[in-house]
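Q: give me coordinates for this.
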Amino acid sequence: MRKIGPAERIRGLRGVDPARSYRQRHGRRARALAALLDVDDDEVVVRPWELRLPRTVILAAARTRGLEPTGGPGELVHRGPWLEPMRFTRQVATRPAEPR
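A: Purely as a prediction, here's the structure:
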């Protein structure tokens, strides 16, 4: 009796690379998140349950784009993991004072 691999157990996956499917699925989610965060609005609302991404991933992606959680990071902790949408505001970059 031969050993059956995990890809062969799922019907219709014979000849398909499961790792490639995994990368494509999560790549689509990451691209959808990037499209939401790259808008020119000052306030962005992200619903984690629609993207199926963890809140920590969304928070990290938002911070790399200059967005901070409305009410501070502690505000995200009080809410449940999927119950409330995440709200971000764009931080205005302050210029250093010009020397006189």
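Q: the lengthiest helix in the chain packs against which elements?
A: Secondary structure of the chain per DSSP state H: the longest helix is helix 18-37. When contacts are defined as 3 or more CB pairs under 8 Å, 6 or more residues apart in numbering; DSSP states H and E, helix 18-37 packs onto strand 43-46, helix 48-51, helix 55-64. From N, CA and C alone the C-beta is placed, and that goes for glycine too.
Q: dump the residue contacts of residue 33.
A: The contact partners of residue 33, by CB atoms under 8 Å, 6 or more residues apart in numbering, come to 46, 51, 53, 57, 58, 61.
Q: relative to residue 87, how far out is the spatially closest residue to the last one that is not a sequence neighbour?
A: By that I understand residue 61. Spatial nearest neighbour of residue 61, excluding adjacent residues (CB to CB, 6 or more residues apart in numbering): residue 33 at 5.7 Å. To residue 87, residue 33 is 15 Å away according to CB to CB, to the nearest Å.
Q: with residue 42 instead?
A: From residue 42 over to residue 87 (counting by CB to CB), the distance is 11 Å.
Q: what about these two, which has more around it?
A: residue 87 (15 against 11; other CB atoms under 10 Å).
Q: CA atoms of whichever strand or helix holds the more buried one as CSV?
A: Following DSSP states H and E, the helix or strand that holds residue 87 is strand 86-90. Provided in CSV are the C-alpha atoms of strand 86-90 (Å, rounded to 0.1, in the frame of the first residue of the first chain):
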residue,chain,number,x,y,z
MET,A,86,-10.4,48.9,12.0
ARG,A,87,-10.3,52.6,11.5
PHE,A,88,-7.0,54.4,10.5
THR,A,89,-6.2,58.0,10.0
ARG,A,90,-3.3,59.4,8.0
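Q: which of the residues in that strand are buried?
A: 86, 88, 89, 90 (16 or more other CB atoms under 10 Å).
Q: check stretch 43-62 too.
A: Buried residues in stretch 43-62, defined by neighbour count with 16+ other CB under 10 Å: 44, 46, 48, 51, 53, 55, 58, 59, 61, 62.
Q: what's the last one in contact with, if anything?
A: Taking CB under 8 Å, 6+ apart as the criterion, residue 62 is in contact with 37, 44, 46, 68, 69, 86, 88.
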